[in-house]
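A.B. asks: got a sequence here, can you model it:
(2 chains)
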Amino acid sequence: MSAVAPVAPPTDATSRIDHPAARALMRRHRIRWWEPLPWLAAGASYFAFPEYLGFGTELLIVILFALSLDLALGYAGIVTLGHAAFFGGGAYAVGMLAFYGVWTEPITGLVLAAAAAGVIGLLSGLVLLRTSGLTLLMLTICTMALLEQAANMGRTYTGGFDGLPGLPIAPVFGVFEFNPLYSTTQFLYTLGVLFVCFVFVRTLIYSPFGQSLTGIRENLLRMHAIGSPVRRRLVICYTISAAIAGVAGGLWAQTNAFVNLSALDLDRAATVLIVLILGGYGRLYGAFIGAVVYLTLEHFLAQIYPTAWQLGLGILLVLIALFARNGILGLGEALWRRYGAEGSTP
Amino acid sequence: MSQARLETQALSRRFGALTAVEDIDFRLETGARHALIGPNGAGKTTFVNLLTGVLRPTGGRVLLGGRDITARAQAERVKLGIARTFQINRLFRGLSALENVCIAVAERVGAAPSMVYPAGWRTDVIDEAMQILAMLRLADAAGRRVSELAYGRQRLIELAIAIGLKPEVLLLDEPAAGVPSAESHIILDALQRLPEHIAVLIIEHDMDVVFRFATRVTVMVGGAIFAEGTPREIEANPQVRAVYLGQAARRAAHA
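C.D. replies: Below is the predicted model:
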């Protein structure tokens, strides 16, 4: 039974799904030819730059963290500057469990990190997501600052300002040890975890749920008007995003074998936001591009200009803000539309 | 006497000392084409917000098919079959026309909470959305971003999203607002192709649209019902002419 049939539409039933727009929508989730490239590049760099695997591991963790933020900020439009709360939550969960010898197995450790961060995300989200805009932004910072202070004051359990050093993390699969001098295990392990999380996030954003998140970002009031349980969707999204940020934090603690207050500070939350904006938010691969560009620049500028390296990054950010609102990926897409594919723009 | 599709009994809403809507008894019949007119500030939009559950009344009841829905939230009323459009476009501007309608259809058929399969697999949702766009003669615009469409066609997307909810009752808040008069026939044309069984309540300032579309007209003034009747009766009512149509005529004369 169809409510909208009485007057014959110009197109017949068989050709509707054949409409280019319908076909594009049906195929959007399919893997494009270039999508394996980042993974091939990561695999190749394992062999090409063996001396940079420590840096590579750090990079992969930032990508995962930025990916988690993209889910909340880029897709659902939740404006947050406190995402380090979940990174730190995961890091401290792994760190405290390992330090006191409760749990040292890495993979299940990450599951626990995700659970801890997810619970923080759920509880804070239930309160925070009643607000929006600047209020929301301030409350996310407050949540993070509260956790940071708690970690600072709970010295007995968290090590306070000094953190927890020398975490005894068990070998991956009981075989591959984390060697602090050669980061091969750390790199491959982090790459594997990032891949699993990425597949999960990618599935999520192309799902009907992901589509409804995009709807919330594009027009919150309209989503209410079409009967969507907006708050519930936002809380679910925020919780998932927090859990993934927790995995990133857990990885950070495991691969560095320590955890300290820097996991929870504003600097980390701001950096990941900059990374995502630099790469392009709401684009899935913005996290990759942004992290590569930011960390590479930071790394090499710091070598060349040890005192003023932040100036270079600052200039880049100003340029991005002025000329490429949608980040490097957005700029790339615009150029592609103009010069690559002919005639789609007026 | 048959049951009204949507009915209000002594519906009131006060904002502090201001009574925006006062004691409104109103009936919208199944399949109605009913217009609500009145000068600016008469309380028309407040009335619609009370019907959709955006606002809670300070008095009175709202009945849908005889069932009291006064306490129901907006989302629940949508599920029960009340859909609306907005005076100022509320579209998913960055998305394609097809996606705009798909989001509404997916929400209605209960696909929207699913996380594990791609939205593209719900060909039923996409097919229905395409069907709605085709009915509104928007099939050629399906793949375009709505922000790139002409304003008149954006107004139709506004309508298409509401139709995607398969409503029993459709509340249209000035569907032709902002549309150049040369294009307003597009809107009228689309309204005339709405499924017949839907009860439609239209708020509109364009008297041409009102008198060509509606079979019944209610005039609201100062938060209360001032007159109700067929378009012909309303047009002939000297008091209505004085309060409302006269103003419109004067405005038209000045324009």
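A.B. asks: confirm B:Gly60 sits in a strand?
C.D. replies: Yes: judged by DSSP: H, G, I helix; E, B strand; the rest coil, B:Gly60 forms part of a strand.
A.B. asks: residues contacting it?
C.D. replies: Residues in contact with B:Gly60, defined by CB atoms under 8 Å, 6 or more residues apart in numbering or on different chains, are B:Thr8, B:Gln9, B:Ala10, B:Leu11, B:Ser12, B:Asp23, B:Ile24, B:Thr70. All C-beta atoms are positioned from the backbone trio N, CA, C, and that covers glycine.
A.B. asks: mind doing that once more with 7 Å?
C.D. replies: When contacts are counted by CB atoms under 7 Å, 6 or more residues apart in numbering or on different chains, B:Gly60 is found next to B:Thr8, B:Gln9, B:Ala10, B:Leu11, B:Ser12.
A.B. asks: and the last one, what are its phi and psi?
C.D. replies: Translated: B:Ser12. B:Ser12 adopts backbone torsions of phi -140, psi 150, taken as degrees, to the nearest 10.
A.B. asks: now it: how far from A:His29?
C.D. replies: To A:His29, B:Ser12 is 50 Å away according to CB to CB, to the nearest Å.
A.B. asks: hmm, back to that, quick one: which of the contacts of B:Gly60 sit in strands?
C.D. replies: B:Thr8, B:Gln9, B:Ala10, B:Leu11, B:Ser12 (DSSP state E).
A.B. asks: identify all contacting residues around the helix or strand encompassing B:Glu235.
C.D. replies: Using DSSP states H and E, B:Glu235 sits within helix B:231-236. With CB under 7 Å, 6+ apart as the test, helix B:231-236 has contacts from B:Phe211, B:Ala214, B:Val217, B:Val219, B:Ala227, B:Val240.
A.B. asks: relative to chain A, which of these is nearest.
C.D. replies: B:Ala214 (19.4 Å; CB to the nearest CB).
A.B. asks: quick one, what contacts the closest one?
C.D. replies: Applying CB under 7 Å, 6+ apart, we find B:Ala214 in contact with B:Arg33, B:His34, B:Ala35, B:Ile202, B:Pro231.
A.B. asks: distance check, the first one against chain A.
C.D. replies: Taking CB to the nearest CB, to the nearest Å as the criterion, B:Arg33 is separated from chain A by 15 Å.
A.B. asks: and what of the fourth one?
C.D. replies: Noted for B:Ile202: a distance of 17 Å to chain A, by CB to the nearest CB.
A.B. asks: for the last one, same thing?
C.D. replies: Between B:Pro231 and chain A the distance is 23 Å, computed by CB to the nearest CB.
A.B. asks: next, count neighbours for that residue.
C.D. replies: When counting by other CB atoms under 10 Å in any protein chain shown, one arrives at 18 neighbours for B:Pro231.
A.B. asks: what helix or strand is the spatially closest residue to it that is not a sequence neighbour on?
C.D. replies: In space, B:Pro231 comes closest to B:Phe211 once its chain neighbours are excluded; the distance is 4.8 Å by CB to CB, 6 or more residues apart in numbering or on different chains. Secondary structure from DSSP H and E places B:Phe211 in helix B:207-213.
A.B. asks: what does the next helix or strand after that helix rub up against?
C.D. replies: Using DSSP H and E, the next helix or strand after helix B:207-213 towards the C-terminus is strand B:216-221. With contacts defined as CB under 7 Å, 6+ apart, strand B:216-221 is touched by B:26, B:32, B:34-39, B:42-44, B:210, B:225-231, B:234, B:240, B:243-244.
A.B. asks: cool, and stretch A:153-165?
C.D. replies: Against stretch A:153-165 from outside (CB under 7 Å, 6+ apart): A:Tyr92, A:Gly95, A:Met96, A:Phe99, A:Ala151, A:Asn152, A:Phe258, A:Val259, A:Asn260, A:Leu261.
A.B. asks: which one among those gets closest to B:Met115?
C.D. replies: Comparing these against B:Met115 with CB to CB places A:Tyr92 closest, at 28.0 Å.
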